[in-house]
Structure formats: C-alpha cells, structure tokens
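> Build me a model from this:
(chains A and B)
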Amino acid sequence: MDFSYALIFQTFNGVVWGLIFALIALGLSLTFGLMNLMNVAHASFYMLGAVLTAQFVTRLGLGFWSGAALATISVGGLGMVVNRLVLARVVDSPPVIGLLATAGLLLVIESSTLATFGAVPVSVDPPVDATFSIFGVDYPGYRLVVAGLAVAILIVTFLLLRFTRFGLWMRAAPQQRELALISGVSSGRINTATVIIGSLLAGVAGALVAPIAGAHFQMGSSVLAVAFTVIVVGGAGNLWGAVVIAILLGVVRGVAAAFMTPSEAEILSLVLLLPVLLLRPDGILAKARS
Amino acid sequence: MSVRTALGVVALLVLAVMPFVTGPYAVFVCAQMITLIYIAASLQMSFAYARILSFMQGTFFGLGSYVACVTHGSGFTLPVMLLAAVAASGVLGVVVGLVVTRMKAAHTAVICTLLVATIVLMCANSFVGITGGEDGLSLRGGSYMFGLAVAFGANRITYCFAFLPLAAYFIFVMLAERTTFGVVMKAVGSNEVRAAQLGYQVWLRHLAVFAAAGGMAGYGGAMNAVVLEHVSSALFDPNLSLTAVLWTAVGGLAHPFGALFGGLLVFPLTELAARAFKYVDIVVGALLIAAALLFPQGIAGLVGERRLGHFNRRSSKEMLAEGPEGRSQTA
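So this is what the prediction gives:
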C-alpha cells in the first residue's frame, strides 16, 4: 500500500517536473532550432525566474502570482537586453562562438545573482495550500496548478507558432533569411522575438518551480545538461519532440524515485539517455516536423 | 619560426626556470596553473584533431585526481598513481569517444560531453562515502619514483613532474607540425571527408585523439592532486571545464599554444582579480564574452603565422568559420 502510494505520488511529481522541463526545453529549442544558437545562458534565465520570484515575494512582500509575473517579465526584458548586447552579434557566427559567448553570459548572470542575492537558498510558500485526493493519493494542489499552467503555456506557444502570422515568420525566416528579408520580414526582429519568448518560457518555469524546489543561484546548472539532451534526443530543431521527451524524462525520473533516492533517480534518468544518443545521435524524433 | 611559435617557446622557457628562481609560493601557484593547463591543452587537442568541443575535460581531470588519490591510499608508488590516472581517464575517453565520435553534428557531441560531465558530478556528490563529496579526500605524505622520494605538495620535484610532460607535448606538436603524422592529424581534424577519401581512418583517429586528450587531462588531474594534496567532488564541476574553454578561447582554439597562452594570461588575471573582487566569475564570464565577440581566434590567432611584419589579413570570423586549421564548421 505504501509502495503504490509512493509510486503514484512520484509519478505525478514526474509529470509535473516533466512539464517544467518541457517549458525550459521549448525555450531552448526555439533559440536552437530557429536561430541555430546553443544558448547555454538559457539555464540562467530559468534560475533568475526562480530567484527573482523568491526575492519579490520575501523582500518586497508581493503576492506569489504578482511576484512570479514580475519576475517572468523581468527575465523576458533581460533576454531582450542580452540579445541586443551579445546574442545578436553571434547569431550568424560559427556555433562555437555562440557557445563561448553564451557560456560567458551564464557565468556573468550566475555570479551577479550570487553577488546580489547571496548563496543561501530561498524558499517560497506555495500560493495554493489545498491538497487533492487522486487515486487515493493526497497530492499538493499547487503542483496540479503548475501542471495545468505549464500545459496552457505550451498550448499557447504552439498556437502562436502555428496559427499566427508572426509564428509563420518565426518558422520561415530561419529557412530562407534572404527571402524573408525581401518579403519585409526582418530576421533581426524575429530573432529578438525568439529570444524573448525563449527567456519568458525559462523565466516562468523558474517562477513556478520556486515554491516547489526553492531558489538558488546554481539551480540553472542542474537543468542545463538535461535541457540540452532533451532537445537533442527529441531531434534538434523539432520543438515538440523536445517537449515530448522532457515529459517522458520527468515521468521516468518520477517512477524511478519510488524505487530509489531522488538523486539516484535523477542519475538513472540521465544515464538512460546515453544509449539513445548512441543509437540515434540525431534524435529519436528527428524526422518529425514541428 | 613564426611569432606564435617563438612566444610559445619563450613561455615554456619561463615556466622551466620558474621553480629555480622564485620562492615556494610562486612554485605553488605555477604548479597549480600548469596542472590546469592540461585541461585546456587536452580540450584544444580534442577540438583541433577530433572535432569535439568537449565540456567534460574537467571530468577526466577529476577522475585522474581521484584515481591518483585512491591508488596512493592503496599503497602504490607515484609511477603507478600517474599511470593508473592516465589509464582510467583514457578508458573513460574511449568509452565516451565511442559515442561522441559517431555524432555528425558538432552540437550533439558537445551536449553529450556535457551530459556525461553532469552525470559524473551527480554521482560524485551522491556517493559521498567513496568521493568524500565536497569535503573531499586528502593525499598526505609522499611517494617514491624509481627509488627517489617525492614529497607531495608544491616543490621543485612535483613541479617538474607536472611541467615536463606538458612541455614535451607542446614541443612534440611543434616538431610534428610539418611531418606526415602532423599533416595527417591536421587533415582528419580539418576535413574528415577529404581525409577519409584519401584512405585515412578518420573515425579511429578521432577516437584515439579523444581518448588521448582524456588521458592527458587525467595526468594533469593526478598531478593536481599531488600538488594540492587534496581532491573533492568540486573537481567534476562542469565549471572547471568551462574555465578550460575560456583559457583555450582566449589563447586560441585553433592552435596548441592557445591553451598555454590562455592559461598564462587568464590564470594570473583571475587570481589577481580574486584578491580584489570576491565574485571573480563575473570577470571570467565577461572575458569569455569579450573573447568570443572581439577576438574569437584568440591570442594564437592574433599573432598568427606572422613573420617579419607580415600580418594575417583574414578577419576573425573568416578564421573561425574555417575552424581549426582551416576546416569548415557546420552545426
């Protein structure tokens, strides 16, 4: 009875974390797939979303939702600045240059956060205290809200990319930049929008995580390899492949956590990705189209 | 002799005489720097000759440190410690290399090395009973090498054990540059399709280079453990690999001396900055951004093949677009 309770509970946890990974991975996949830029600094946007939310709530006394919204917008703004100062200058360079510049950005943002807010992890009270009984398991209501919000954000992003003119430009410009330009679509503006949307997705993921895992200046590094691996396994450039793999990874991690410690489950879930990289180095969903 | 080679030789000569003309503190700092240059040099080797920008050179380094520590704890002498460190890191290099050398896209290999580095860091932090976690393990006392007593810590003997193999590597690369072996290695790193068409075993050479780079970083890690007399799970932090990337980027990714130049410039700078400014990673990150934006070919690229006042007129973007030794870079 105890084991089945733990299994169901951890599976729910896995789904929630999978959806959070999906938000991060989708943002990363946007800059990678549409701009061909390996934005290592994406992890620091996620971290900043959590840290700023925690600071807005604990220091400024804002409510959680307003703090999370403000933090997300701030991260989006930072994304715009970072794009103007650094990313726009390396987007057409060889991949290694983008990698070096964004790795530098990661260090600058992480260390600046440490210098400004300190190294002590900050916890945030979840805005929803209630628990819900599902399959006989009392599950925290906030995590269900996070799952619902994550699904809603993913759907909105999908609709934006699929059914709006702007989404069409975003998908078309990377394929034919010159054609896009003579059609009046500035690839520079498209890139700016891509970075802003990507950073907003990372920022909101961080904001939503703050009441679950707390906020710490190094929390971005822990998701960096996971997010990158997810987009490769999902098929580079395949936005929705990354989302699917992220959710699957979360579920595997959640189920494994019922049998072992969370750290061991995390290691196992990453180790399982290695054979996939060996057998399908271009991703298991590489042929699918986003 | 090009300006770049001359600068490299001068740098090696300065490092060679350093322990005999300076005090213990300078020897300690330089010995530490030299062990860390192994990471940068191995990264450069991996990038230039195997087309893999590895984010796990710090992992090889950390593994070498731990293997040296464990073998010393088991009563083995220094040669065994160093050989075991090189062998363990080399074997890990072969295992990971079997995966990453198959990957056609450069970014996939980078991500795979980052994934392995993350897994190893998690394991090191989880299995505290073995690794000592962030507190780490001590490596006290000394050892023997062919009957010669070697005290651990920073001293002239350990300095020589750290410096001489590194110097030998740089001299070997310099001398091999124009030999058949050197040209072939450049070819498999520059244009693997053309090299394969000429009948060379490109994949096998990439694998051998990646494994050798792992072994090299492992040796540096072992000597780091010997010099600092301490190992900890922090050695597996990808930030260490990132530091190596910075050194190599500042020095020049495309040329072996880039790792040496980068280490000699950035290590003292960050050490000095750390005295004045607590959050030195901000400086490191800013340097990395500046290196990428302003001089992506690094110092080695800036001085280039200049002889008697001739400048390399190619732009930095052109040089990086061609990649190490003129190869075409595609994601």
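
> Could you point out which residue ranges in chain A have low pLDDT?
Along chain A, segments meeting pLDDT under 70 span A:1, A:236-237, A:282, A:285-290.

> In it, which residue is most central in space?
The centroid of chain A falls nearest to residue A:24 when counting by C-alpha atoms, centre = their mean (0.8 Å).

> So that one versus residue A:42, what's the distance?
Distance from residue A:24 to residue A:42, counting by C-beta to C-beta, to the nearest Å: 7 Å. In this view, the C-beta of every residue, glycine as well, is placed from N, C-alpha and C.

> so the residue nearest to the centre of chain A touches residue A:204, yeah?
No. Counting by C-beta atoms under 8 Å, residue A:204 is not a contact partner of residue A:24; they are 9.7 Å apart.

> Please enumerate the strands of chain B.
Taking DSSP state E as the criterion, chain B contains strands spanning B:137-138, B:142-145, B:148-151, B:230-231.

> most packed of those strands?
strand B:230-231 (a mean of 22; mean count of other C-beta atoms under 10 Å in any protein chain shown).

> Just list the residues touching the residue lying closest to residue B:217 once chain neighbours are set aside, thanks.
In this structure, residue B:217 finds its nearest non-sequential neighbour in residue B:60, 3.7 Å apart by C-beta to C-beta, 6 or more residues apart in numbering or on different chains. Residues in contact with residue B:60 (C-beta atoms under 8 Å, 6 or more residues apart in numbering or on different chains) are B:39, B:42, B:89, B:92, B:93, B:213, B:214, B:215, B:216, B:217, B:218, B:221.

> mind redoing it with 6 Å?
B:89, B:214, B:217, B:218 (C-beta atoms under 6 Å, 6 or more residues apart in numbering or on different chains).

> which ones are touching residue 225?
Looking at chain A here, since you left the chain open. B:114, B:115, B:118.

> looking at chain B here, not the other one
Contacts of residue B:225 by C-beta under 6 Å, 6+ apart are B:65, B:68, B:69, B:139, B:231.

> With distance to residue A:55 added, can I get the residues you listed in a markdown table?
Formatted as a markdown table, those follow (distance: C-beta to C-beta, whole Å):
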| residue | distance to residue A:55 |
| --- | --- |
| B:65 | 37 |
| B:68 | 43 |
| B:69 | 40 |
| B:139 | 41 |
| B:231 | 36 |
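
> Which of these fall within helices?
Within the contacts of residue B:225, residues falling in helices by DSSP state H are B:65, B:68, B:69.

> In this model residue B:221 seems to touch the first one, though I could be wrong.
The one in question is residue B:65. Yes. In terms of C-beta atoms under 6 Å, residue B:65 counts as a neighbour of residue B:221; the distance is 4.0 Å.

> Next to chain A, which bits of the stretch 101-250 of chain B? Give me the list.
Residues of the stretch 101-250 of chain B lying near chain A by C-beta under 6 Å from any C-beta of the partner chain: B:102-103, B:106-108, B:111-112, B:114-115, B:118-119, B:122, B:126, B:242, B:249.

> Identify the farthest-apart pair in these.
Largest separation among those by C-beta to C-beta: B:126 and B:249, giving 31.6 Å.

> Looking at the two, which has the bigger crowd around it?
residue B:249 (31 against 18; other C-beta atoms under 10 Å in any protein chain shown).

> now the helices for the stretch 1-150 of chain B?
In the stretch 1-150 of chain B, the helices defined using DSSP state H, counting those that start in this stretch lie at B:3-21, B:24-50, B:57-73, B:78-100, B:106-126, B:128-131.

> for the stretch 151-290 of chain A, that is, sorry about that
Here the stretch 151-290 of chain A has its helices, by DSSP H, counting those that start in this stretch, at A:165-172, A:177-182, A:187-213, A:219-233, A:239-257, A:262-279.

> Out of these, the one nearest residue B:291 is which?
Closest approach to residue B:291 among these (C-beta to C-beta): helix A:219-233, 20.5 Å.

> Could you export that closest one as CSV, CA atoms only?
Extracted in CSV, the C-alpha atoms of helix A:219-233 (Å, rounded to 0.1, in the frame of the first residue of the first chain):
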residue,chain,number,x,y,z
MET,A,219,19.9,25.8,-9.8
GLY,A,220,20.3,26.6,-13.5
SER,A,221,23.4,24.5,-13.9
SER,A,222,21.5,21.4,-12.8
VAL,A,223,19.0,21.6,-15.7
LEU,A,224,21.4,22.7,-18.4
ALA,A,225,22.6,19.3,-19.5
VAL,A,226,19.1,17.9,-19.1
ALA,A,227,17.5,20.6,-21.3
PHE,A,228,20.2,20.3,-24.0
THR,A,229,20.0,16.5,-24.0
VAL,A,230,16.2,16.6,-24.2
ILE,A,231,16.3,18.8,-27.3
VAL,A,232,18.9,16.5,-29.0
VAL,A,233,17.1,13.3,-28.1
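
> what's the angle between that helix and helix B:106-126?
Relative orientation of helix A:219-233 versus helix B:106-126 (axes from the mean of the first three to the mean of the last three C-alpha atoms, to 10 degrees): 140 degrees.

> Report the buried residues of helix A:219-233.
Under the neighbour-count criterion of 16 or more other C-beta atoms under 10 Å in any protein chain shown, helix A:219-233 has A:219-233 buried.

> That one: how far from the chain's middle?
9 Å (C-alpha atoms, centre = their mean, to the nearest Å).

> now swap in stretch B:44-61 and tell me
Relative to its chain's centre, stretch B:44-61 lies at 8 Å (C-alpha atoms, centre = their mean).

> Now do it, average pLDDT.
For stretch B:44-61, mean pLDDT rounds to 90.

> What residues sit buried inside it?
Quick answer for stretch B:44-61 (16+ other C-beta under 10 Å): B:44-61.

> Same question for stretch A:171-185.
Residues A:171, A:172, A:173, A:174, A:180, A:185 are the ones in stretch A:171-185 that count as buried (16+ other C-beta under 10 Å).

> how about the third one, phi and psi?
Backbone geometry at residue A:173, expressed as degrees, to the nearest 10, gives phi -60, psi -40.

> Around chain B, which positions in the stretch 101-250 of chain A sit nearby?
Applying C-beta under 6 Å from any C-beta, we find that the stretch 101-250 of chain A lies next to chain B at A:101, A:103, A:104, A:107, A:108, A:111, A:112, A:115, A:225, A:228, A:229, A:232.
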